[in-house]
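K.L.:
With the sequence up front, the predicted model follows.
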Amino acid sequence: QVQLVESGGGLVQAGDSLRLSCAASGRTFSTRAMDWFRQAPGKEREFVAAISKSGSMTSYADSVKGRFTISRDNAQNTVYLQMNSLKPEDTAVYYCAAAKGLFSIPTRPESMDYWGKGTLVTVSS
């Protein structure tokens, strides 16, 4: 069992930065790829970024590539999402997710085993 708790969301202006954190409980954190997804009002949940177990591989949605950076600290059981140059269209609830063990760098919600409750990011124009 893995429990995930996101933090770091808030209200910012366009062009600002935020860093989201996701603290994980359980012993299997370092054996799982970790993802960030987001869901805007009235829209489906979408992939944002993924990082492999060791942190050596990452993947990003085209909409955030070059602006967001995912990282992890396996010693601290934490995954981060650094978000720079935020845009109003980045407004969403951001969810941290732990992948099923067999996936190396998953990008689909159905590849995830555990989800956090989310943290709201609001970007004003």
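P.N.:
Structure's in. What do you need? Residues are numbered from 1 along each chain as shown.

K.L.:
Bridged to the one residue sitting closest to the centre of the chain, which residues?
P.N.:
Centroid check for the chain by CA atoms, centre = their mean gives W36 as the closest residue, at 2.1 Å. Beta-bridge pairing of W36 under DSSP bridges involves A49, C96.

K.L.:
I'd guessed it sits against E46; true?
P.N.:
No - W36 is beyond contact range of E46, at 10.2 Å (criterion: CB atoms under 8 Å). The C-beta positions use only the backbone N, C-alpha and C, and glycine is treated the same way.

K.L.:
Dump stretch 2-22 to CSV, keeping only the CA atoms.
P.N.:
Below are the C-alpha coordinates for stretch 2-22, written out as CSV (Å, rounded to 0.1, in the frame of the first residue of the first chain):
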residue,chain,number,x,y,z
VAL,A,2,1.3,3.5,-0.9
GLN,A,3,-0.3,6.7,0.3
LEU,A,4,0.4,9.9,-1.6
VAL,A,5,0.0,13.4,-0.3
GLU,A,6,0.4,16.4,-2.6
SER,A,7,1.3,19.9,-1.4
GLY,A,8,2.4,23.2,-2.9
GLY,A,9,-0.6,24.3,-4.9
GLY,A,10,-2.0,27.8,-4.8
LEU,A,11,-3.0,30.9,-6.6
VAL,A,12,-0.3,32.6,-8.8
GLN,A,13,-0.1,35.0,-11.7
ALA,A,14,0.8,34.1,-15.2
GLY,A,15,4.6,33.8,-15.6
ASP,A,16,5.1,32.8,-11.9
SER,A,17,6.6,29.5,-10.7
LEU,A,18,5.4,26.9,-8.2
ARG,A,19,6.9,23.7,-6.9
LEU,A,20,4.6,20.8,-6.1
SER,A,21,5.6,18.1,-3.8
CYS,A,22,4.2,14.6,-3.3
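
K.L.:
Please compute how far it lies from its chain's middle.
P.N.:
With CA atoms, centre = their mean, to the nearest Å as the basis, stretch 2-22 stands 9 Å off its chain's centre.

K.L.:
can you offset everything so residue one is 367?
P.N.:
Taking 367 as the first residue, the last one we looked at is stretch 368-388.

K.L.:
which residues touch that stretch?
P.N.:
389-392, 394-395, 398, 400, 402, 444-454, 459-464, 479-491 (CB atoms under 8 Å, 6 or more residues apart in numbering).
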